[in-house]
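**Student:** Sequence first, predicted model second:
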Amino acid sequence: MSVSELGWHGMPMTSTGGHGREPAGVAWPGESIVTAAVIVALLPLGFLHVSSIGSLDPLTAVISDYVFQPGGYALLGAAAISMAVACTVLATGLRRAGLPAARVPTALLVSAAVALVLVALFPTHTPGTTPGLVSTVHRVAGGWAFTALPLAAWLVAVRARTAAPWQPAAAPLTWAAGIAGAVSGFFLLNHVPIVIAGSPFSPFLGGVQRVLCVAVMVVLVMTARATRLATESVESPVPAAGSLRGAA
């Protein structure tokens with residue numbers, strides 16, 4: 001009996017050891033998509049930063065204020081939608097990669113994607129004016145995205161410790177998610193005095209937000225890589241040597 005004729009549990013297998021439902025060796029494309037989406041998000045943001053030199057201070061002005069620059073609404077929207085795509089693709093990979101109890105981090109990633117779409121559709125208010133319903137939706141959605149993404153990555157890291165295919169990524173992902181979460185907490189806490197007194201704790205709120213954006217993007221790419229590696233381990237198991245000899 002050849003290995004290709006009968007699987008380890010009586011299921012037909014391909015010549016490379018797959019189940020027949022999906023060819024073995026076909027890598028999960030999500031890592032490439034997530035990485036590409038993050039790069040696509042960076043391009044319009046970089047253009048807005050360069051084109052607004054002299055008119056906006058990146059240390060004090062938040063990224064949302066670029067909406068008032070020429071083409072700002074479309075460029076910021078493209079960046080937010082690209083990040084939403086990255087979150088959605090990553091959410092589809094967690095269960096396939098065998099992450100234990102993947103439902104909660106998956107739901108957080110999907111909710112972050114929805115929030116980023118709202119960020120794209122609902123712009124902030126003009127600086128110096130009273131916030132309205134549209135800008136309130138923008139702020140709440142942005143705050144949730146910055147909360148949900150580090151939390152989802154941290155939950156993935158916690159679950160990774162109990163699953164062999166995920167364990168190599170547990171420690172670095174814990175550190176990355178922890179740093180992103182700490183920066184996110186500091187950024188969001190600065191909005192409390194803004195609501196109460198009209199000014200944040202830190203005068204460099206824009207700089208903090210940019211560090212947070214970079215941290216979140218790094219976490220997304222790291223989680224996508226861990227998901228891809230775990231998927232390959234789950235879908236391409238290595239048979240035991242004894243089983244190979246018995247099946248020959």
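**Tutor:** Cool, the structure landed.
**Student:** and residue 131, which of the three is it?
**Tutor:** Secondary structure, DSSP: H, G, I helix; E, B strand; the rest coil: residue 131 is coil.
**Student:** so it sits right up against residue 139, yeah?
**Tutor:** Yes. Between residue 131 and residue 139 there is a contact under Cβ atoms under 8 Å: 7.3 Å. To be clear about C-beta, it is placed using only N, CA and C from the backbone, and glycine gets the same treatment.
**Student:** the more surrounded of these two?
**Tutor:** Legend: neighbour count by other Cβ atoms under 10 Å for residue 131 and residue 139, higher for residue 139 (20 against 14).
**Student:** Now the longest helix anywhere in the chain: buried residues?
**Tutor:** Of all segments of type helix in the chain, defined using DSSP state H, the longest is helix 205-235. Using 16 or more other Cβ atoms under 10 Å as the test for burial, helix 205-235 gives 205-213, 215-235.
**Student:** Please identify the helix or strand for residue 156.
**Tutor:** helix 133-160 (DSSP states H and E).
**Student:** Name all residues that make contact with the nearest residue to residue 163 once chain neighbours are set aside.
**Tutor:** Distances taken as Cβ to Cβ, 6 or more residues apart in numbering put residue 100 closest to residue 163, at 5.3 Å, once the chain neighbours are dropped. Residues near residue 100 by Cβ atoms under 8 Å, 6 or more residues apart in numbering: 159, 162, 163.
**Student:** ok, now how distant is the residue nearest the centre of the chain from residue 30?
**Tutor:** Closest to where the C-alpha atoms of the chain average out (Cα atoms, centre = their mean) is residue 220, at 3.3 Å. Separation of residue 220 from residue 30 (Cβ to Cβ, to the nearest Å): 11 Å.
**Student:** Overlap in contacts, the two.
**Tutor:** residue 90.
**Student:** counting contacts, what elements does the longest helix of the chain pack onto?
**Tutor:** helix 30-51, helix 72-96, helix 133-160, helix 167-189 (3 or more Cβ pairs under 8 Å, 6 or more residues apart in numbering; DSSP states H and E).
**Student:** Report the buried residues of the last one.
**Tutor:** Applying a neighbour-count criterion of 16+ other Cβ under 10 Å, the buried positions in helix 167-189 are 169, 170, 173, 174, 176, 177, 179, 180, 181, 183, 184, 187.
**Student:** Dump those residues to JSON lines, plus pLDDT and distance to residue 49.
**Tutor:** What follows is those, written out as JSON lines (pLDDT from 0 to 100; distance: Cβ to Cβ, whole Å):
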{"residue": "169", "pLDDT": "94", "distance to residue 49": "31"}
{"residue": "170", "pLDDT": "95", "distance to residue 49": "34"}
{"residue": "173", "pLDDT": "96", "distance to residue 49": "28"}
{"residue": "174", "pLDDT": "96", "distance to residue 49": "31"}
{"residue": "176", "pLDDT": "97", "distance to residue 49": "24"}
{"residue": "177", "pLDDT": "97", "distance to residue 49": "26"}
{"residue": "179", "pLDDT": "97", "distance to residue 49": "22"}
{"residue": "180", "pLDDT": "97", "distance to residue 49": "21"}
{"residue": "181", "pLDDT": "96", "distance to residue 49": "25"}
{"residue": "183", "pLDDT": "95", "distance to residue 49": "19"}
{"residue": "184", "pLDDT": "94", "distance to residue 49": "21"}
{"residue": "187", "pLDDT": "90", "distance to residue 49": "18"}
